[in-house]
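Q: give me the fold of what follows.
(4 chains)
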There are 2 protein chains.
Amino acid sequence: MSQYEHTCMIRGDGGRTIRTILDRICDKWTLLVVATLDQQRLRFTDLHRQIPGISQRMLTLTLRNLERDGLVSRTAYAEVPPRVEYALTATGRSLIPPALALAGWAIDHIADIEASRAAYENRTAP
Amino acid sequence: MSQYEHTCMIRGDGGRTIRTILDRICDKWTLLVVATLDQQRLRFTDLHRQIPGISQRMLTLTLRNLERDGLVSRTAYAEVPPRVEYALTATGRSLIPPALALAGWAIDHIADIEASRAAYENRTAP
DNA sequence: GGCTGATGGTTACCGTTCGTAAGTTGCCCC
DNA sequence: GGGGCAACTTACGAACGGTAACCATCAGCC
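A: You can find the predicted model right below:
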């Protein structure tokens, strides 16, 4: 029996719960935001600058989801101009190792994947 | 300096390449399909049965992307009724440990996340 | 007193993607 | 010859993501 059944099927819902969580965590931006907040608390604008390609809207939505799920804390200071700082919670920090494992895997296999993809395109698009 | 910069920012593209790969790997279904193929080769219908909630269309698309990226192999037997078997390649198998790490994290923190989410709803929707 | 700039967003719009449901092909069994 | 199985494929409406413009507030400056 695969370890998958131990970890993913452990609940009676046939993996539905874990799918919901993975769906929330594994979107395009969440892992990048969490990884960027590793070891430092950052303001909205700094996050926006440090994550290339993210829009303000997506950053707002991603941070709200993370805040709602208890992975980052949001601290607003009543100053002018306004200042809002985001930081990982304990739960959020615990996500760093598996997130880095996945990112490391991606780094290790970027070349393979891109080569395979190029070969596939050549095969199917004459 | 965080390890993130060592792993994610190592290339000059500001993390754009790794974002592309993560975007491809970290969608709703890919990790579940890969985890389900751990230790066993399966036919289309078996995969469909073992992954609750996936539609035929999404399974087809997910498998095509995985095949294109070289993570699964597709073997069609010219029989009647047709038989197509899917199995992980070496690259696909190497994704299992980080994928299980992430799934394990999700299992460990489902309770925290759901509690935080419930508390958030109560706070914002009186 | 009006203008500019910084900050942390929100809104409007639109194209792409996703989910549901139905159709297709080829052959076998009853 | 009607129904069923396997592996897809297509059609279509709903939901999501991206782009770009807009907003509110106040400090500092002319």
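Q: buried ones in the longest helix seen in chain A?
A: Ranked by number of residues, the top helix in chain A under DSSP state H is helix A:96-124. Using 16 or more other C-beta atoms under 10 Å in any protein chain shown as the burial criterion, the residues of helix A:96-124 that qualify are A:96, A:98-107, A:109, A:112-113, A:116, A:120. For glycine as for every other residue, the C-beta is placed from the backbone atoms N, C-alpha and C.
Q: what mean pLDDT does stretch A:28-35 get?
A: Averaged over stretch A:28-35, pLDDT sits at 87.
Q: and stretch A:97-104, by the same measure?
A: 86.
Q: just the buried residues of stretch A:35-51, please?
A: Quick answer for stretch A:35-51 (16+ other C-beta under 10 Å): A:Ala35, A:Thr36, A:Leu37, A:Asp38, A:Leu42, A:Phe44, A:Leu47, A:His48, A:Gln50, A:Ile51.
Q: can you pull out the strands in chain A?
A: Under the criterion DSSP state E, chain A contains strands at A:42-43, A:72-77, A:83-88.
Q: now tabulate the ones you listed in JSON lines and tack on distance to chain B and mean pLDDT.
A: As requested, the strands of chain A are exported to JSON lines (distance: least, C-beta to the nearest C-beta, whole Å; pLDDT from 0 to 100):
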{"stretch": "strand A:42-43", "distance to chain B": "11", "mean pLDDT": "94"}
{"stretch": "strand A:72-77", "distance to chain B": "11", "mean pLDDT": "95"}
{"stretch": "strand A:83-88", "distance to chain B": "11", "mean pLDDT": "96"}
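Q: select, out of those strands, the one closest to B:Thr60.
A: Closest to B:Thr60 of those, according to C-beta to C-beta: strand A:72-77, at 36.1 Å.
Q: quick one: name the residues of chain A near DNA strand D.
A: Listed as neighbours of DNA strand D in chain A under the rule C-beta under 7 Å from any atom of the strand: A:Asp27, A:Lys28, A:Trp29, A:Gly53, A:Ser55, A:Gln56, A:Arg57, A:Met58, A:Leu61, A:Val80, A:Pro81.
Q: hmm, which of those residues are the buried ones?
A: Applying 16+ other C-beta under 10 Å to those flags A:Asp27, A:Lys28, A:Trp29, A:Met58 as buried.
Q: list just the nearest of those to chain B.
A: The shortest approach to chain B among those belongs to A:Lys28, at 4.8 Å (C-beta to the nearest C-beta).
Q: contacting residues around the residue minimising distance to the centre of chain A?
A: A centroid search over chain A (C-alpha atoms, centre = their mean) returns A:Leu31, at 1.6 Å, as the residue closest to the centre. Contact analysis of A:Leu31 by C-beta atoms under 8 Å, 6 or more residues apart in numbering or on different chains lists A:Ile25, A:Ala99, A:Leu102, A:Ala103, B:Leu22, B:Cys26.
Q: one more: A:Leu47?
A: A:Val33, A:Thr36, A:Leu37, A:Leu59, A:Leu63, A:Tyr86.
Q: restricted to helices, list those residues.
A: A:Val33, A:Thr36, A:Leu59, A:Leu63.
Q: so which of these reach chain B?
A: For chain B, the contacts drawn from those by C-beta under 8 Å from any C-beta of the partner chain are A:Thr36.
Q: got the residues of chain A near DNA strand C?
A: A:Arg43, A:Phe44, A:Thr45, A:Gln56, A:Arg57, A:Thr60, A:Leu63, A:Arg74, A:Pro81, A:Pro82, A:Arg83, A:Val84.
Q: for stretch A:76-92, the distance to its chain's centre please.
A: 19 Å (C-alpha atoms, centre = their mean, to the nearest Å).
Q: so which bits of it are buried?
A: Buried residues in stretch A:76-92, counting neighbours by 16+ other C-beta under 10 Å, are found at A:Tyr86, A:Leu88, A:Thr89, A:Thr91, A:Gly92.
Q: now do it: everything it contacts.
A: A:34, A:37-38, A:41-44, A:47, A:63, A:66, A:70-75, A:96, B:109, B:112-113, B:116.
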